[in-house]
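Enquirer: Fold the following, please.
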Amino acid sequence: MYLLINVIVFVVILSGLLALNRSNSTWSLARKVFIGLVVGVIFGAALQLIYGSHTAIINQSISWFDIVGAGYIQLLQMIVMPLILISILSAVAKLHNASSLGKISVLTISLLLITTLIAAVIGIVITLLFGLTSDGLTSGSQEAARLATLQSYHLKALGNLSVPQIILSFIPQNPFLDLTGVRATSIISVVIFSVFLGIAALKLVRDDKEKGQKVLAGIDVIQHWVMKLVRVVMQLTPYGVFALMTKMTANSNLHDIIKLGGFVVASYIAIGLMFIVHSLLVSLTGVSPLSYFKKISPLMAFAFTSRSSAASIPLNVETQTHRFGIPESIASFAASFGSTIGQNGCAGIYPAMLAVMVAPTVGITLDFHWLLMLTLVVTISSIGVAGVGGGATFAALIVLPIMGLPIELIALLISIEPLIDMGRTALNVSGSMTVGILTSRVLKKTDKTLIEQQ
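Expert: Sure, this is the predicted structure:
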């Protein structure tokens with residue numbers, strides 16, 4: 001009975017949002033997403049107030065809400081690989097020379113790593129200022145089970161991991177398999193495959209102009225087709241955000257948040273400071289911080305609720321090209337690389353904070369040399385972190401053993417992981433956005449008329 005009532009109310013609210021957006025067709029996507037977010041928070045809070053968090057009725061209700069929330073994320077995941085493939089292919093085919101391709105790739109990756117290094121430093125400083133350590137944290141059955149899983153995963157997947165193996169995993173062996181996203185590095189592999197296809201198209205134009213032009217025309221048609229698909233899915237964003245925020249709010253556990261409140265607050269202060277760094281970097285290109293945050297608000301709302309950098313790629317590319325005047329070639333590279341390389345939140349701030357918290361408990365002195373080594377390890381290991389939920393755990397599993405630290409703390413933070421992961425994911429996506437804006441301006445490819453528009 002209660003389940004039926006919850007689902008009916010959810011459907012009624014969803015229908016109301018749909019009718020509201022249809023009757024106000026001139027509203028921007030940002031406004032529609034914000035309304036969906038606020039309504040989701042209110043509805044989720046009401047459900048928790050009535051039933052409590054993680055109760056049977058809440059879990060059953062959320063399983064029905066997920067048809068909209070998780071379904072929307074799956075639709076985005078559906079278009080991620082086709083979008084990357086055709087966007088990168090089209091970008092390379094239009095560059096006409098390899099030097100431009102090299103400049104974009106090198107500049108994008110370099111800026112991603114630099115921002116990750118800054119994020120790691122901020123994470124270290126904030127952890128030291130708050131005096132956070134892992135002392136006093138106790139584990140229950142849930143944490144013990146998580147630790148056993150992590151240890152098993154570490155031994156099987158990361159125990160013999162080396163830098164050459166990480167680099168080798170980027171090279172596509174079966175591009176059709178990578179298009180399914182089966183590997184952690186599938187996105188980078190698809191990017192590389194697309195680059196080679198684009199280079200082959202350019203060589204075909206040079207060797208057989210007639211056939212080459214047909215290929216380029218075909219690429220252009222497919223790109224427009226895929227972008228139409230992207231925009232169709234983007235129209236569903238307000239409803240997906242509503243369902244996702246309902247789920248997040250209804251399942252929030254206030255007791256766990258209070259218990260680990262220091263780490264939660266410190267994490268969000270570090271995330272907030274890194275957002276400020278992004279806005280300052282973007283301001284160097286002529287975009288005011290206020291304008292930057294206003295234009296990325298729909299993207300941030302989705303990244304925050306979905307907790308997936310990879311699923312955010314379509315909206316990321318759309319935001320860069322239509323709100324900041326960035327060419328699709330640069331936007332596609334920045335969004336694609338940014339979902340795997342140099343994630344400021346998951347691969348920068350998080351593992352740095354964990355390492356500083358654990359080190360004193362095993363007798364390590366936090367001197368300048370050790371902290372410098374930690375910063376470099378965090379930055380380098382950020383290459384190849386999967387742009388999906390759990391990417392932060394993957395990054396921590398690489399950094400902590402390299403620094404000679406135990407991985408138990410990762411399991412102890414399981415109860416608040418989703419809450420912090422939302423902020424980290426939004427920061428990851430903002431980082432790739434910032435890099436796209438900077439790269440475009442450095443290479444003088446930005447359409448300044450779009451930046452001036454609100």
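
Enquirer: Which of the three states applies to Gly325?
Expert: Here Gly325 is coil, with the state taken from DSSP: H, G, I helix; E, B strand; the rest coil.

Enquirer: Phi and psi next, for it.
Expert: Here is the backbone geometry of Gly325 (degrees, to the nearest 10): phi 70, psi 30.

Enquirer: Next one: it from Arg441, what distance?
Expert: To Arg441, Gly325 is 10 Å away according to Cβ to Cβ, to the nearest Å. All C-beta spots, glycine's among them, are computed from the backbone N, C-alpha and C.

Enquirer: cool, and Val11?
Expert: Per Cβ to Cβ, Val11 is found 46 Å from Arg441.

Enquirer: More neighbours: which of these two?
Expert: Arg441 (21 against 13; other Cβ atoms under 10 Å).

Enquirer: For that one, which residues are in contact?
Expert: If you count contacts by Cβ atoms under 8 Å, 6 or more residues apart in numbering, Arg441 has them with 284-286.

Enquirer: Among those residues, name the buried ones.
Expert: Taking 16 or more other Cβ atoms under 10 Å as the criterion, what is buried in those is Thr285.

Enquirer: so which of the contacts of Arg441 comes closest to Thr340?
Expert: Thr285 (24.0 Å; Cβ to Cβ).

Enquirer: and that closest one, what does it touch?
Expert: Contacts for Thr285 (Cβ under 8 Å, 6+ apart) come out as 437-438, 440-441, 446.

Enquirer: Out of those, which two sit at the greatest distance?
Expert: Spatial extent of the contacts of Thr285 (Cβ to Cβ) is set by the pair Leu438 and Thr446 at 10.0 Å.

Enquirer: Leu107 reaches Thr439, doesn't it?
Expert: Yes. Between Leu107 and Thr439 there is a contact at 4.9 Å, judged by Cβ atoms under 8 Å.

Enquirer: distance of Leu354 from Leu374?
Expert: Separation of Leu354 from Leu374 (Cβ to Cβ) stands at 10 Å.

Enquirer: Can you pull the residues that touch both of the two?
Expert: Residues touching both Leu354 and Leu374 (Cβ under 8 Å, 6+ apart) are Val399.

Enquirer: What sits closest to Ile349 if chain neighbours are left out?
Expert: What sits nearest to Ile349 in space, not counting adjacent residues and going by Cβ to Cβ, 6 or more residues apart in numbering, is Gly123, at 3.8 Å.

Enquirer: and stretch 262-277, average pLDDT?
Expert: Mean pLDDT, computed over stretch 262-277, is 93.

Enquirer: how about it: buried residues?
Expert: Neighbour counts over stretch 262-277 (16+ other Cβ under 10 Å) mark 263-264, 266-268, 270-271, 273-275, 277 as buried.

Enquirer: Show me what the host helix or strand of Leu117 is packed up against.
Expert: If you go by DSSP states H and E, Leu117 is part of helix 98-130. Applying 3 or more Cβ pairs under 8 Å, 6 or more residues apart in numbering; DSSP states H and E, one finds that helix 98-130 contacts helix 261-283, helix 328-338, helix 350-358, helix 368-381, helix 417-442.

Enquirer: re earlier: same list (the contacts of Arg441) but as CSV, adding distance to Met403 and pLDDT.
Expert: Output for these, formatted as CSV (distance: Cβ to Cβ, whole Å; pLDDT from 0 to 100):
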residue, distance to Met403, pLDDT
Leu284, 33, 92
Thr285, 36, 90
Gly286, 40, 87
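
Enquirer: what's the closest of the contacts of Arg441 to Ile296?
Expert: Set against Ile296, the nearest of these by Cβ to Cβ is Thr285 (14.1 Å).

Enquirer: Assign a three-state SS to that closest one, would you?
Expert: Under three-state DSSP, the three-state class of Thr285 is coil.

Enquirer: what about it, distance to Asn428?
Expert: Separation of Thr285 from Asn428 (Cβ to Cβ) stands at 20 Å.

Enquirer: and Gly431, what does it touch?
Expert: With contact taken as Cβ under 8 Å, 6+ apart, Gly431 is in contact with 112, 115-116, 119, 274, 278, 338, 342-345.

Enquirer: Can you check the pLDDT for it?
Expert: 95.

Enquirer: ends of stretch 381-392, how far apart?
Expert: Terminal residues of stretch 381-392 are spaced 11 Å apart (Cα to Cα, to the nearest Å).

Enquirer: Stretch 171-188 now?
Expert: End-to-end span of stretch 171-188 (Cα to Cα): 8 Å.

Enquirer: one step back: and which of the contacts of Arg441 is nearest to Lys103?
Expert: Using Cβ to Cβ, Thr285 is the member of the contacts of Arg441 that lies nearest Lys103, at 16.7 Å.

Enquirer: The closest one and Val221, how far apart?
Expert: As defined by Cβ to Cβ, Thr285 lies at a distance of 33 Å from Val221.

Enquirer: And the helix or strand hosting Glu318, what does it pack against?
Expert: Assessed by DSSP H and E, Glu318 sits inside helix 313-323. Using 3+ Cβ pairs under 8 Å, 6+ apart as the contact test, the elements touching helix 313-323 are helix 56-95, helix 209-234, helix 289-306, helix 328-338, helix 417-442.

Enquirer: With distance to Ala45 as extra columns, can I get these in CSV?
Expert: Below are those laid out as CSV (distance: least, Cβ to Cβ, whole Å):
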stretch, distance to Ala45
helix 56-95, 12
helix 209-234, 27
helix 289-306, 15
helix 328-338, 32
helix 417-442, 14
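
Enquirer: okay, Leu197: pLDDT?
Expert: If you check Leu197, the pLDDT there is 90.

Enquirer: now Thr361
Expert: In this model, Thr361 is scored at 83, pLDDT.

Enquirer: tally of neighbours for it?
Expert: Applying other Cβ under 10 Å, we find 15 residues neighbouring Thr361.

Enquirer: now the residue most central in space within the chain, what's its secondary structure?
Expert: What sits nearest the mean C-alpha location of the chain, by Cα atoms, centre = their mean, is Ser309, with 2.0 Å. Taking three-state DSSP as the rule, one finds Ser309 in the coil state.

Enquirer: same question, Gly345
Expert: Look at Gly345: counting by three-state DSSP, its state is helix.

Enquirer: Run through the residues that contact it.
Expert: Taking Cβ under 8 Å, 6+ apart, we find Gly345 in contact with 119, 271, 274, 392, 423-428, 431.

Enquirer: By neighbour count, which of these wins?
Expert: Most neighbours among the contacts of Gly345, by other Cβ under 10 Å: Ala119, with 34 neighbours.
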